[in-house]
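Asks: based on what follows, work out the 3D shape:
(2 chains)
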Amino acid sequence: MAQPSITLFNTLTMQKEPLVPTEPGAVRVYVCGPTVYSYIHVGNARTFTSFDVVVRYLRYQGYRVTYVRNYTDVDDKIIKAAHETGEDPVALAARFVEIFREDARALHMQEPDVSPKVSEHIPEIIRIIEKLVERGVAYESQGDVYFSVSRYPEYAKLSKRNLDDLRAGERVQPGEQKHEPLDFALWKAAKPGEPAWDSPWGKGRPGWHIECSAMSARYLGESFDIHGGALDLIFPHHENEIAQSEAASGKRFAKYWMHCGFLDIEGAKMSKSLGNVVRLRDALAKVDAEALRLFFLSTHYRHPLDFSDKAIADAEQRMEYFYETLRKVDEKVAGKDFGKGPLHGEPGRFLKEFEAAMDDDFNCAGALGGLSGLFGLMNELVDKPPVKDKALVGRTLQALREDVRKVSGVLGLFEDDPGQWLLRRRERAVRERGIDVAEVERLIADRNEARKAKNFAEADRLRAELKSKGVEIMDTAGGTTWKVAPPAAETA
RNA sequence: GGCGCCAUAGCCAAGUGGUAAGGCAAGGGUCUGCAAAACCCUCAUUCCCCGGUUCGAAUCCGGGUGGCGCCUCCA
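Replies: Numbering: from 1, shown residues only, chains lettered A, B, ... in the order given. Sure, this is the predicted structure:
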């Protein structure tokens, strides 16, 4: 197999590098999953969608991928949330794991190969902490165990921080027994009412970062290929993972570090204090899942992205164009046999362009740009073929449609049946706008009567009446169809 | 203060040394009884500003200006 030439930007080196997996033909990927204390928001969704596509593309290029994305189900935030609701922390976490699964499925994300939970890997975590203590890079202090940053000379190589500066800004939390302010907890002594496990240091629970070191080692080995997360995890989370893992194993931890940019909301940083956090489920109640994916993928994954009503509406409109095109293509060529023979033009070039863009640090935005040509050609071949040979046109459309399916499998777009998608979208719009379908159909029937009688004044009046209700009608060869006009078309 | 990112048309956005993808919006056209959809055409001599390197820079270097992120939990 010719090895594909994927390059990716590595946060560790701050450069694009060719992907050279440790084991030829196989890529091992670890992505920091959600801390399950609440519903995920659209920012989380963007990150996970980005890596969903990374993994899909690696597989598309023939790599055997092992994709691990954890659930952090033991954590301060969970304990706090459980305290507020009076729920048991373990039960609350389990509940949000299920909610996350539903959300991920709703956004058409593929399941990782392994989705380990912290609570089920305490022995592995204890073992790695023991190893760090044995090696003298971690120490116990009144039931807590801390990692000694000064014992790991390469600390801060990922975030490129200066240790003295970090020390200047660091504060020891009350109750912590660190030797040095930068040291961080591997194990926390149990406090009353917290989930706790037995350990060589007494009852307690893991610190925040160690779970990723333990679980990635368990499922991917001590050295693996790609480790991902959002930008804010670079420091301290990923930095600490590197320190723990490399100090414990003596081997290089992850080879490539990929970090996803932030999602803003209407130009502002999403934050609880601003009160502008948008839950994924709330977004999905308003916008089609694939339209949301399209929106995420239309900007490079490392760049900031602004979530806004306009951007979402644009994405949804674009999805409608894509699906409308696919519907027409399927109507014309699905399941038909046009025999063997040449194709019109050079249809294969679109897939090549797509791959070239994706090879370049998973440039989905660039890849999407190339799709315009593909869809434009399909529309042209359906509506006004430049050549008379129907078999030639049919074959070409089928080839193009096949390429769309390939792209589909990578981006997680156009996975629905076009007719179904369009119908669902219309039904949602009908609900949102309170449109009376029976009345719409009656008016259309009346209009067609008028048209048959050549009473075009009346026909136009009925068209205008429908339009005023937010309904646009289309006279096609197969009869009159209708759709709900986008809200933007109305005068506000 | 430290580390880092970004700045491309009215808007969104790709492009990181070879002479500006794509989308939306806008204008014109084909089609249509009229429309819608679709397709075609037009729409940045120019990529925040000033220097420099180069035969050649939106792309590299230096200096500005303006946004933003991380440095505490954060996807």
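Asks: any idea how far stretch A:251-269 is from the chain center?
Replies: Once both centres are worked out by CA atoms, centre = their mean, to the nearest Å, stretch A:251-269 turns out to sit 12 Å from its chain's centre.
Asks: I'd like the average pLDDT over it.
Replies: Mean pLDDT, computed over stretch A:251-269, is 94.
Asks: what ranges do the strands span in the stretch 351-492 of chain A?
Replies: Using DSSP state E, counting those that start in this stretch, the strands found in the stretch 351-492 of chain A span residues A:471-476, A:479-484.
Asks: and what of the stretch 1-150 of chain A?
Replies: Using DSSP E, counting those that start in this stretch, strands in the stretch 1-150 of chain A cover A:7-10, A:15-18, A:26-31, A:64-69, A:138-141, A:144-147.
Asks: distance of the closest residue to RNA strand B within the stretch 1-150 of chain A from residue A:55?
Replies: Residue nearest to RNA strand B within the stretch 1-150 of chain A: residue A:43 (2.6 Å; CB to the nearest atom of the strand). From N, CA and C alone the C-beta is placed, and that goes for glycine too. Residue A:43 sits at a distance of 19 Å from residue A:55 (criterion: CB to CB, to the nearest Å).
Asks: ok now stretch A:108-118, how far from the chain's centre?
Replies: That offset, for stretch A:108-118, works out to 13 Å (CA atoms, centre = their mean).
Asks: just to revisit the earlier point, could I get the strands of the stretch 1-150 of chain A as a markdown table with distance to RNA strand B and mean pLDDT?
Replies: Output for the strands of the stretch 1-150 of chain A, formatted as a markdown table (distance: least, CB to the nearest atom of the strand, whole Å; pLDDT from 0 to 100):
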| stretch | distance to RNA strand B | mean pLDDT |
| --- | --- | --- |
| strand A:7-10 | 9 | 94 |
| strand A:15-18 | 9 | 91 |
| strand A:26-31 | 9 | 97 |
| strand A:64-69 | 11 | 98 |
| strand A:138-141 | 17 | 94 |
| strand A:144-147 | 13 | 94 |
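Asks: for those, give me a markdown table that also has mean neighbour count.
Replies: Shown next, in a markdown table, are those (neighbours: other CB atoms under 10 Å):
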| stretch | mean neighbour count |
| --- | --- |
| strand A:7-10 | 18 |
| strand A:15-18 | 12 |
| strand A:26-31 | 24 |
| strand A:64-69 | 20 |
| strand A:138-141 | 20 |
| strand A:144-147 | 25 |
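Asks: quick one: which of those strands is nearest residue A:348?
Replies: When these are compared by CB to CB, strand A:7-10 sits nearest residue A:348, at 22.7 Å.
Asks: got a list of contacts for the closest one?
Replies: Contact with strand A:7-10 is made by A:15-19, A:226, A:255-258, A:302, A:359-362, as judged by CB atoms under 8 Å, 6 or more residues apart in numbering.
Asks: just checking, the residue of the stretch 1-150 of chain A closest to RNA strand B touches residue A:260?
Replies: No. Counting by CB atoms under 8 Å, residue A:43 sits too far from residue A:260 to count as a contact (9.3 Å).
Asks: pull up the overlap in contacts between those two.
Replies: Jointly contacting residue A:43 and residue A:260 under the rule CB under 8 Å, 6+ apart are residue A:230.
Asks: which one's more surrounded, these two?
Replies: residue A:260 (26 against 23; other CB atoms under 10 Å).
Asks: distance of that one relative to residue A:52?
Replies: 11 Å.
Asks: tell me who's in contact with the residue of the stretch 201-350 of chain A found nearest RNA strand B.
Replies: Of all residues in the stretch 201-350 of chain A, residue A:230 sits closest to RNA strand B, at 2.2 Å by CB to the nearest atom of the strand. With contact taken as CB under 8 Å, 6+ apart, residue A:230 is in contact with A:43, A:47, A:259, A:260, A:261, A:262.
Asks: what's the most distant pair in those?
Replies: Among the contacts of residue A:230, A:43 and A:259 lie farthest apart (CB to CB), at 13.3 Å.
Asks: ok, back up a step: out of the strands of the stretch 1-150 of chain A, which gets nearest to residue A:120?
Replies: strand A:64-69 (13.4 Å).
Asks: chain center to that closest one: distance?
Replies: 15 Å.
Asks: which strands or helices does that strand pack on?
Replies: Judged by 3 or more CB pairs under 8 Å, 6 or more residues apart in numbering; DSSP states H and E, the packing partners of strand A:64-69 are strand A:26-31, helix A:42-60, helix A:210-220.
Asks: mind putting the ones you listed into JSON lines with distance to residue A:268?
Replies: As requested, the helices and strands packed on strand A:64-69 are arranged in JSON lines below (distance: least, CB to CB, whole Å):
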{"stretch": "strand A:26-31", "distance to residue A:268": "26"}
{"stretch": "helix A:42-60", "distance to residue A:268": "12"}
{"stretch": "helix A:210-220", "distance to residue A:268": "30"}
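Asks: so which of those is nearest residue A:311?
Replies: Between these, helix A:42-60 lies closest to residue A:311; by CB to CB that is 11.3 Å.
Asks: report the inter-axis angle for that closest one versus strand A:26-31.
Replies: For helix A:42-60 against strand A:26-31, the angle by axes from the mean of the first three to the mean of the last three CA atoms, to 10 degrees is 180 degrees.
Asks: helix A:42-60 packs against which elements?
Replies: Packed next to helix A:42-60, using 3+ CB pairs under 8 Å, 6+ apart, are strand A:26-31, strand A:64-69, strand A:224-230, strand A:254-260, strand A:263-265, helix A:280-286, helix A:289-297, helix A:390-411.
Asks: could I get the CA-only coordinates of the helix or strand of chain A with the lowest mean pLDDT as PDB?
Replies: Every helix and strand in chain A was compared by mean pLDDT, DSSP states H and E; the lowest is helix A:163-169, with a mean of 74. Extracted in PDB, the C-alpha atoms of helix A:163-169 (Å, rounded to 0.1, in the frame of the first residue of the first chain):
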ATOM      1  CA  LEU A 163       9.400  27.500  35.100                       C
ATOM      2  CA  ASP A 164      10.300  30.500  37.000                       C
ATOM      3  CA  ASP A 165       7.400  32.400  35.600                       C
ATOM      4  CA  LEU A 166       5.100  29.600  36.400                       C
ATOM      5  CA  ARG A 167       6.400  29.500  39.900                       C
ATOM      6  CA  ALA A 168       5.900  33.200  40.300                       C
ATOM      7  CA  GLY A 169       2.200  32.900  39.500                       C
END
